[in-house]
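# Return a 3D structure for these sequence lines:
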Amino acid sequence: MMTEKETAAEKIIADAMANPSPAKSMGDPGITPLSPSHIQQNDTDQVPSGPSFVVVVAIDFGTTSSGYAYAFTKEPECIHTMRRWEGGDPGVSNQKTPTTILLTPDRKFHSFGYAARDFYHDLDPSESKQWLYLEKFKMKLHTTANLSIDTDLQAANGKRVKALDIFAYALAFFKEQALKELSDQTGGDFDNNDVRWVITVPAIWKMPAKQFMREAAYKSGLVSRDNPEQLIIALEPEAASIYCRKLRLHQMVDLGSQTTQNGFSPTENVGSGMTQAKEHVRRNRQSRTFLVENVIGELWSELEEGDRYVVVDCGGGTVDLTVHQIRLPEGHLKELYKASGGPYGSIGIDYEFEKLLCQIFGQDFIDQFKIKRPAAWVDLMIAFESRKRAAAPDRTNPLNINLPFSFIDYYKKFRGHSVEHALRKSNVDFVKWSSQGMLRMNPDAMNSLFKPTIDHIIQHLNDLFDKPEVSDIKFLFLVGGFAESPLLQHAVQNMLQGRSRIIIPHDVGLTILKGAVLFGLDPSIIKVRRSPLTYGVGVLNRFVEGKHPPEKLLVKDGTRWCTDVFDTFISADQSVSLGEMVKRSYTPAKPSQQVIVIHVYCSEKESVGFISEHGVKKCGTLRLDVSGTESTAPRREIQTLMQFGDTEIRAMAVDVSTGRTVKASIDFLSH
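Numbers count the residues shown, from 1 in each chain. Purely as a prediction, here's the structure:
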C-alpha cells in the first residue's frame, strides 16, 4: 500500500523556514495539490493490534469529583470500582473523591481528594495562606481559548501554578492508588506496562484540551511517549452509551413509563424512583465489584437496527449531548450528530450561590473573605453542596446552610455590623437568618439557583431535538453526577412531554467510569463518529480567472498561482469510520530539508474556500521529520496518512522511495 507511486498527487512544499513562503496572507508554506485528494478506507488488517494488556484502568477525571475503576482482560465482565475513600462527606456517596489538590508552600504535591480538603481545612489560617489549594480546575481546559502547555491556574490563595503540573500530579496520584490496589489484589508488584489506561474527557472538548490530557499523562509517568497506545482518551457520553447497553431493568429508573399510579403524580415518582435506586446502590456498595453481564440488557433488546437514542451527560463542569444509532447484529454504535453541549454543569449552581452571597454581603467582602480565609470559604461551599443535593421540585420545608464561624466573625470586623443585620438590610427576602446561626433558604430560593443552569440544558436539548437527524429518539439516557438532581429530571421530563423515554442508571455517577473500562477493553465498539470541525491545510492552486479573487494572485517563475486555498481533509459533521484515513503526498522543497512543517487550519463551517476566511483558525501543526531517511531518488515523495475516526487525530507518514516510516505528529498546543 505504501509504495504505490501517486505521480498525479505530487505536491510541492516550500520549507517555511528556509525560504519565505509564496502564500502571502498567512505565511504558510505553499503546498500545491496537483490532483484531487481522496480518503481511503483502511483495511482492518492494517490496523496495528498493539500490545496485550493484563488490566484496563479507567480514570474519570471530573470537574467536581474523580475516581478510577478497572477490569482484568481475562474477566471483562467484572468491573471493580476503587476502594472507599477516607473522610467522605455526610449525605454524599463517596465512591469518587473530590477533584481537589493541595500543594505545599514550596509547590510540591501533598495530597488529593478528601485528604487534601481535610488537611487544608485543619491548617491555621495564617499558615493556610502559604499552601496552594485547587478545586474545579478541569473547566480551565474547556474555557481557555488558546490553551497551551504554559496555561496556568489560580490556587485558593491567589497564587498561580502551571495547569500541566496540577493535572500531572492528579494523574500520578491515581496511578499510584490503582497500582497499589492491583498489587494488593495480585499479591506482588504490579507492573505499569501491563495496564492499559483510559482517561475520560467531555466529547465537546476541542483537540488541544484532549492533547493536554495526554501531555499531562506523559508528564505524570502514567504512560511514556514511546508507547502512546497504552493510553486511550475516551469521550464521556460514549463511555456512558457503552455502559447503558448492558443495563438490566433492575439497574435503572425508567421515568418514561411512570404514569399516575395509586394517586401519585409522575413528579413524585421521579424522587421515589431515585430514592429506591440510591438504596439499592447503597446495599451493593460494600462489594465494589459490578458484574456486567455479557448480554445486551433488556432495554437494549427493544432497540432495532437504525434506532436512535440520546445520551445526556450532566457533569460538574459540562453538559454533553451525543446522539447514537444502533447497528446490528453486533450492536455497534454510530454517532449521528456531532457532540454538542457547553459549560452548563452543576458548578453553575455554586456560582449562582456565590452571586447571591455577593448580593447580600457585598462583592468586596466575598472577594476578601475568599483570599483571607480560603479554608473557611471551602467549608461554606461544602455545606452548600450537601443542601444543593436536597433540592427537589416538591420540597416545602426550608434548607439550612451552616455559615462558618470565621465568616460571621470576619464579616463583623470587615463591615462593623452583624451578618444578621446584613440579611435584614439586603433586599433578598427569601433568605433568612435562623437563630442557630444558619442561612435559611426557602425552596423557591434554592430552585432559583438551579434555574439558569437547567434552562441552558433544556435550551440545548430543544435545539438538538429540532435537528432533522435527531427525529424519533427512542430513549434519552440521563447520566453523570448532576443527573441525580430531581429538579433536572423534572425539567427534562416536562420538556420531552413523552416524546422519548428517560432512562437513569442507578449508579448514575459511576456510569461513565464503568463505560470507560468497557471502552478500554474494546475501543472498536464505536464504529462511526462525526467530525466536530472542518480540518485542512493552506495550499497554492493554479490561478483561474473569474473563479479566484485577484488579490490572491501570485506570480512565481512565470506561473500564476492562487494563494491561501483551503485544502479540506475532513468537513464538520462528516461521518468518519474508525480507521478511515485521509491520504496526502508532500515533497520537500530542497533535497537537504530535514523537517516539513505544515499548518493545520480548522473551522466550524462545513465548506471553506480559503484559509483567510472569517472563522478559520490555525489550530495545529503537522510536522514531518524526514531526517534519517535520505534517498537517492531525484524527487522525494512523503505520503501522509491522517486518521480522523478515533477520539484523537493521528498522523503517520512514509517516504515512498525507500518505504521507510517518517516521524509524523500533529500538535494542537503550540502557538
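# Just the C-alphas of stretch 339-357, formatted as CSV.
In CSV, the C-alpha atoms belonging to stretch 339-357 read as follows (Å, rounded to 0.1, in the frame of the first residue of the first chain):
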residue,chain,number,x,y,z
ALA,A,339,-21.4,16.2,20.1
SER,A,340,-23.0,19.4,21.4
GLY,A,341,-23.4,21.0,24.8
GLY,A,342,-21.5,23.5,26.8
PRO,A,343,-20.2,24.6,30.2
TYR,A,344,-23.6,24.0,32.0
GLY,A,345,-22.6,21.6,34.7
SER,A,346,-23.7,21.7,38.3
ILE,A,347,-20.9,24.1,39.3
GLY,A,348,-23.1,26.7,37.7
ILE,A,349,-25.3,26.4,40.7
ASP,A,350,-22.3,27.1,43.0
TYR,A,351,-21.6,30.3,41.0
GLU,A,352,-25.3,31.4,41.5
PHE,A,353,-25.0,30.8,45.2
GLU,A,354,-21.8,32.9,45.3
LYS,A,355,-23.6,35.7,43.4
LEU,A,356,-26.4,35.5,46.0
LEU,A,357,-23.9,35.9,48.8
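# Centre of the chain to it, how far?
Relative to the chain's own centre, stretch 339-357 is displaced by 16 Å; criterion: CA atoms, centre = their mean, to the nearest Å.
# now stretch 662-671
21 Å.
# repeat for stretch 173-186
For stretch 173-186 - counting by CA atoms, centre = their mean - the centre lies 24 Å from the chain centre.
# Flag every buried residue along stretch 133-148.
The neighbour-count check on stretch 133-148 (16 or more other CB atoms under 10 Å) flags 133-142, 144, 147 as buried. C-betas here are computed from N, CA, C, even on glycine.
# What of stretch 231-251?
Those buried within stretch 231-251 under the rule 16+ other CB under 10 Å are 231-247, 251.
# How about stretch 464-475?
For stretch 464-475, by 16+ other CB under 10 Å, it's 464-465, 470, 473-475.
# Take those and write them to CSV, including pLDDT and distance to L487.
Shown next, in CSV, are the buried residues of stretch 464-475 (pLDDT from 0 to 100; distance: CB to CB, whole Å):
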residue, pLDDT, distance to L487
L464, 91, 20
F465, 91, 20
V470, 82, 24
I473, 88, 22
K474, 86, 25
F475, 88, 21
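# Now intersect the buried residues of stretch 231-251 with the strands, please.
231-235 (DSSP state E).
# with these in mind, which one is nearest to T559?
I233 (43.7 Å; CB to CB).
# nearest residue to that closest one other than its sequence neighbours?
Nearest in space to I233, with sequence neighbours left out and distances taken as CB to CB, 6 or more residues apart in numbering, is T647 at 4.9 Å.
# for the one you found, what are its contacts?
Each residue near T647 by CB atoms under 8 Å, 6 or more residues apart in numbering is listed here: 210, 232-235, 238, 529.
# ranges for the helices of the stretch 51-200 of the chain?
Secondary structure of the stretch 51-200 of the chain (DSSP state H, counting those that start in this stretch): helices at 114-122, 125-128, 139-143, 163-186.
# make that the stretch 401-550 of the chain, sorry
Under DSSP H, counting those that start in this stretch, the stretch 401-550 of the chain gives helices at 405-415, 419-425, 443-465, 486-496, 511-521.
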